Every structure is written in C-alpha cells, then in structure tokens.
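Undergrad: A structural model of the following input is requested.
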Amino acid sequence: MTRPLTNRYNQLLVAAIFVALGTMLWAISHGLNTRIVEYRVDAESHPALQGLAGYRLAVVSDLHLQDDDSAFANWRGLIDDINRAAPDHVLLLGDYSKASSAHPNLHPFIDRFARSLDSFESPIALVLGNYETWTDRQAWLTALSTRRINVLENQVLRLGPPSKPLCVRGIGDHYTDKDRYLDFPPDCAERAKVTITHDPAGVFAWDRNGLFLAGHTHCGQVQIPFLGMVWAPTDAPPEGRCGLHLDGGKVIFTSSGVGTSILPVRLLARSQVEILAFE
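TA: Coordinates of the predicted model:
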C-alpha cells in the first residue's frame, strides 16, 4: 500500500534535484556574462565623497584575460560598452592576465593589453594586482609606462579632463606586500579625490579617510544561498569584501570584477563593471 507513495516521493525528489542542478548551471552561466551596473551614490552622504557630485567613475577589476583572440575580442567589446556608459574616468584595479606565473608570450601579451587601453574614450589610471607581481611586475610597469599609460605604484596622479579633474592615489597591492601609503599632495586639497588599490585588506590597514576602490575578491566568485562567500583571498573583514562599505571616515567599494581565477565559475557573484554615479 505504501509503494506508490514511495515511488511518487522518489520521482519528486529526482525532479527537485534536476531543477536545482539546472538552476545552478543557469546561474553559473549567467554569472559569467559581464554586465555594466550603475550605482548611484549620494555625494553629500559622507565627507569622504566631498567634491565628487556629478562625477561618473568606471571601476574595472580582475579581467584575468586569456592570451587568445577571442578573449581580446570580448575585452574590446566590453571597452565599447564602457565608452557608451560615458564615465568621466576609468579606473582599473589589477589582475589583467589569466596566467599566474611567467610564460613565453608574457611580453607580447602585456603589449597587446596596453595597446587595447587606447580604445578608452575617457582618461584612465590603473594599479597592478597580485597576478602582475606573480608574472613579471617590472615588465608590466615598464611596458605600460613606455606607452604612457597611467600606471600608479604608490603614486598620486592629477587626472583630467579639466571639467572633471580628479586626484587619483594608486596604492600597490597589499596581497603581495607592494603597498606603501602616501598622503595626497597639498594641491589636491580642493579637488575630488579617490584612492585605488587591488586588495581591500590594505584599506583597513591604513589609518586614513577617503574614498577607496578595490577588487581582488571577485565578491567570493562563488556564493552559497543564505551562507554567502565560500572563500575570498583577502584579510579584509567580511563586510569589506564586496560592494559598498562604510568604515568610520572611509567609504570602501570592492568590485565584483570581470573574470575568474582557479575555476571558470561564478555563482551569485556576477561578472560586472561598476559605474559609480555620484549625485
């Protein structure tokens, strides 16, 4: 008498498993499709955002590009999408290569990546991530600087255009011990200011206030419903590993990033470029 009920239960269980797996596979595939997301930020809501009203900043992090034509074609398409979003400045936060160690085509890859940055229609500035250090940090610095790309290694840059001037402080990657903190120079006092770095852990180690942009975490890359991130390679506190976080006099934004590392999987941590629109 109970066998039909047991069979029915088993059928429902199998169906539920297939639905769950199908949903997860869809979410993983969906998460790998890069989107442009605009976040509206009240520039009057925090002293760290002083002077940023009217600015649009594009945050691009953790590309992890493969060294092939298809990957660079997708990257050029993403640059076109960013240009259409019309940011005033584009800020790139490190980990541009998929390789985690030096490989024979590293220098041509760096040159190809540097040339791709010419397609941006807005002024750009960038910092290096741990993957650049793990491959050949000096080669990255030399190649980008030779092409007059604004690569910041514990430096401050006054970035145009004249209508939207921005003081950008680029701090080296904390994860690979390249961060050396420095203050903004006096001539940045009356300008809009932002600090860019790779690993958000460094932000919490610095006893300074302001707006900080970071990447590195991929927002966990894989998040489990109701449990959150499985793992993130950072010593930043959990609340500082994804999205917007206020920490006293600091406003910290940690990007979800574009690419993947270790495994080509994203779950509930979408691949995206963020546009911070200050109002």
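
Undergrad: what's near enough to touch the residue nearest in space to the middle of the chain?
TA: Nearest to the geometric centre of the chain sits S61, at 2.6 Å (CA atoms, centre = their mean). Neighbour list for S61: 92-95, 198, 214-216, 255-258 [criterion: CB atoms under 8 Å, 6 or more residues apart in numbering]. C-beta here means a position set from N, CA and C on the backbone, and glycine is covered the same way.

Undergrad: Which of those residues fall in strands?
TA: 92, 214 (DSSP state E).

Undergrad: what's the closest of the contacts of S61 to T234?
TA: Proximity of the contacts of S61 to T234 (CB to CB) peaks at H216, which lies at 6.0 Å.

Undergrad: Helix, strand, or coil at the residue lying closest to C242 once chain neighbours are set aside?
TA: Spatial nearest neighbour of C242, excluding adjacent residues (CB to CB, 6 or more residues apart in numbering): C219 at 3.9 Å. When classified by DSSP: H, G, I helix; E, B strand; the rest coil, C219 comes out as helix.

Undergrad: from here on, count from 34
TA: With the count now opening at 34, the last piece we talked about shows up as C252.

Undergrad: Tell me how many other residues surround C252.
TA: Other residues within reach of C252, judged by other CB atoms under 10 Å, total 24.

Undergrad: Confirm for me that it is in contact with A302.
TA: Yes. Taking CB atoms under 8 Å as the definition, C252 is a contact partner of A302 at 4.0 Å.

Undergrad: where do the contact lists of the two overlap?
TA: 262, 275, 289.

Undergrad: Chain neighbours aside, what residue packs nearest to the last one?
TA: What it means is S289. Per CB to CB, 6+ apart, closest to S289 is C252, 4.2 Å.

Undergrad: Ok, the first one next?
TA: In space, and not counting its chain neighbours, M262 is closest to G253: 3.0 Å by CB to CB, 6+ apart.

Undergrad: Return the residues in contact with the one you found.
TA: If you count contacts by CB under 8 Å, 6+ apart, G253 has them with 261-265, 274-275, 302.

Undergrad: one step back: which residues does the nearest residue to the residue nearest to the centre of the chain once chain neighbours are set aside contact?
TA: Nearest non-adjacent residue to S94, counting by CB to CB, 6+ apart: G248, 2.9 Å away. G248 is in contact with 92, 94-95, 126-128, 162, 231, 233, 287-288, 290, counting by CB under 8 Å, 6+ apart.

Undergrad: repeat for N183
TA: 156-159, 190, 192, 201.

Undergrad: What residues of stretch 250-266 count as buried?
TA: Using 16 or more other CB atoms under 10 Å as the test for burial, stretch 250-266 gives 250-256, 262, 265-266.

Undergrad: Just to check, V160 is in contact with D232?
TA: No. V160 is beyond contact range of D232, at 10.2 Å (criterion: CB under 8 Å).

Undergrad: With neighbour numbers in mind, choose between the two.
TA: Neighbour tally, V160 and D232, criterion other CB under 10 Å: the higher count belongs to V160, 31 against 28.

Undergrad: Can you report phi and psi for the more buried one?
TA: The phi/psi pair for V160 (degrees, to the nearest 10) reads phi -120, psi 170.

Undergrad: Excluding residues flanking it in the chain, which one is nearest it?
TA: Leaving aside its sequence neighbours, V160 sits nearest to G203 (CB to CB, 6+ apart; 4.5 Å).

Undergrad: what about that neighbour, how many neighbours?
TA: With other CB under 10 Å as criterion, G203 counts 25.

Undergrad: ok, what's across the strand from it?
TA: Q188, I229 (DSSP bridges).

Undergrad: how about stretch 143-151: buried residues?
TA: 143, 146-147, 150.

Undergrad: Show me what the helix or strand hosting I308 is packed up against.
TA: Secondary structure assigned from DSSP states H and E places I308 in strand 305-311. Here strand 305-311 touches strand 68-74, strand 89-93, helix 102-117, going by 3 or more CB pairs under 8 Å, 6 or more residues apart in numbering; DSSP states H and E.

Undergrad: Direction included, what does that strand pair against?
TA: Within its sheet, strand 305-311 is paired with strand 68-74 (parallel), strand 89-93 (antiparallel), according to DSSP bridges.
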